[in-house]
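Participant: Model the structure of this input:
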Amino acid sequence: MQAQVGDRLVSNGLHVGDVKRVGVITALRHPDGTPPYEVRWLDNGHTALVFPGPESHIEPAPA
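Facilitator: Predicted coordinates for the structure are as follows:
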C-alpha cells in the first residue's frame, strides 16, 4: 500500500455493524508512501496515526 498526502484512506468494517470510515492522509512517516499514515477522519475531525489493515484501501486525491 502506498499513498500521498491528500489521498483518502477508506476503512471498511470487518464485522457486521462496523461502519465505513473515510479519512484524508495529512502526513507520511516514510518517503516511499508506505504506512503508517497520519489521517484526519472526516466523521469526527480527529487525527490519528494509522496502520491500515486488509479492510482498508487508498483512493487517490482528486486532480
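
Participant: Where does the residue nearest the centre of the chain fall, secondary structure wise?
Facilitator: The chain has Leu9 as the residue nearest its centroid, 2.6 Å off, counting by CA atoms, centre = their mean. Here Leu9, judged by DSSP states H and E, is contained in strand 8-11.

Participant: ok, that strand: who's next to it in the sheet?
Facilitator: Using DSSP bridges, the strands paired with strand 8-11 in its sheet are strand 21-28 (antiparallel), strand 56-59 (antiparallel).

Participant: Unless I'm misreading it, Gln4 sits right up against Thr26, doesn't it?
Facilitator: No - applying CB atoms under 8 Å as the test, Gln4 and Thr26 come out as separate, 11.1 Å apart. Just so you know, the C-beta spots here come from the backbone N, C-alpha and C atoms, and that holds for glycine as well.

Participant: where in this protein is pLDDT low?
Facilitator: Nowhere does the chain drop to pLDDT under 70.

Participant: most remote residue from it's center?
Facilitator: Ranked by distance from the centre of the chain (CA atoms, centre = their mean), the top residue is Val16, with 20.6 Å.

Participant: Could you report the distance from it to Pro54?
Facilitator: According to CB to CB, to the nearest Å, Val16 and Pro54 sit 17 Å apart.

Participant: Kindly report the same for Val22.
Facilitator: Val22 is 17 Å from Pro54, where distance means CB to CB.

Participant: now what about the strand holding Leu9, what contacts it?
Facilitator: Here strand 8-11 makes contact (CB atoms under 8 Å, 6 or more residues apart in numbering) with 3, 20-25, 37, 39, 50, 52-53, 55-59, 61.

Participant: And these, which of them are buried?
Facilitator: Neighbour-count burial (16 or more other CB atoms under 10 Å) is assigned, among the contacts of strand 8-11, to Ala3, Arg21, Gly23, Val24, Ile25, Tyr37, Val39, Val50, Pro52, Ser56, Ile58.

Participant: Remind me which helix or strand the first one belongs to.
Facilitator: Put plainly, it is Ala3. For Ala3, there is no enclosing helix or strand under DSSP H and E.
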